[in-house]
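Q: Can you look at this prediction? I've put the sequence above it.
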Amino acid sequence: MGELKWERGATPTDMFNRLEKKLKSKKLALLTLLATRYAPQAEAWMKMNRPWQDRTSHARQTLHTWVETGSGRVILWLAHGVEYGVNLEYNFAGRYAIIAPTIDLFAPLILDDVRAVLRGP
């Protein structure tokens with residue numbers, strides 16, 4: 001995180017604000033690292049556990065994840081790469097859905113790790 005040194009003439013409020021900014025930056029970096037670690041695991045799990053029978057394997061091969069950061073947020077995205085992916089997710093009473101089951105599996109694991117990061121050392 002780097003050492004935060006007292007600056008001559010600084011007020012305690014100035015120093016607190018600088019420390020808070022450094023801590024937020026560090027936590028955001030840790031959360032990004034965490035999401036980046038889980039992304040390939042979630043993608044592999046989706047591809048291995050898809051509930052549909054492959055015909056062309058295109059739907060399975062184009063399942064993907066990515067991590068987006070900005071505005072103080074970290075988002076782990078899960079997506080289909082085929083146009084009919086939405087049908088797999090929402091039609092047939094969810095029988096062919098893979099995104100929601102992946103979220104159901106990984107969300108508790110990710111949240112436990114997020115809580116640990118936010119708690120700090």
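A: Ah, there it is.

Q: Helices of the chain, residue ranges please.
A: In the chain, the helices defined using DSSP state H lie at 12-49, 58-61, 85-90, 99-119.

Q: any idea how far the residue most central in space within the chain lies from residue 114?
A: For the chain, the residue sitting closest to the mean C-alpha position, by CA atoms, centre = their mean, is residue 76 at 2.9 Å. Residue 76 sits at a distance of 11 Å from residue 114 (criterion: CB to CB, to the nearest Å). Just so you know, the C-beta spots here come from the backbone N, C-alpha and C atoms, and that holds for glycine as well.

Q: Out of the helices and strands in the chain, which is least certain?
A: One helix or strand of the chain scores below all others by mean pLDDT, DSSP states H and E: helix 12-49, with a mean of 90.

Q: Just the buried positions in that helix, please.
A: Buried residues in helix 12-49, counted by 16 or more other CB atoms under 10 Å: 27, 30-31, 34-35, 38-39, 42-43, 45-47.

Q: Tell me, how many residues neighbour residue 72?
A: Neighbours of residue 72 under the rule other CB atoms under 10 Å: 10.

Q: quick one: contacts for it?
A: Residue 72 makes contact with 24, 28, according to CB atoms under 8 Å, 6 or more residues apart in numbering.

Q: Please report the distance of it from residue 45.
A: 28 Å.

Q: Check residue 26 too.
A: With distances taken as CB to CB, residue 26 is found 29 Å from residue 45.

Q: ok, and the closest non-adjacent residue to residue 34?
A: Closest residue to residue 34 apart from its sequence neighbours, by CB to CB, 6 or more residues apart in numbering: residue 113 at 5.4 Å.

Q: residues near the one you found, how many?
A: Number of residues near residue 113 (other CB under 10 Å) recorded here: 16.

Q: isn't it right next to residue 33, touching?
A: No - between residue 113 and residue 33 there is no contact under CB atoms under 8 Å: 10.1 Å.
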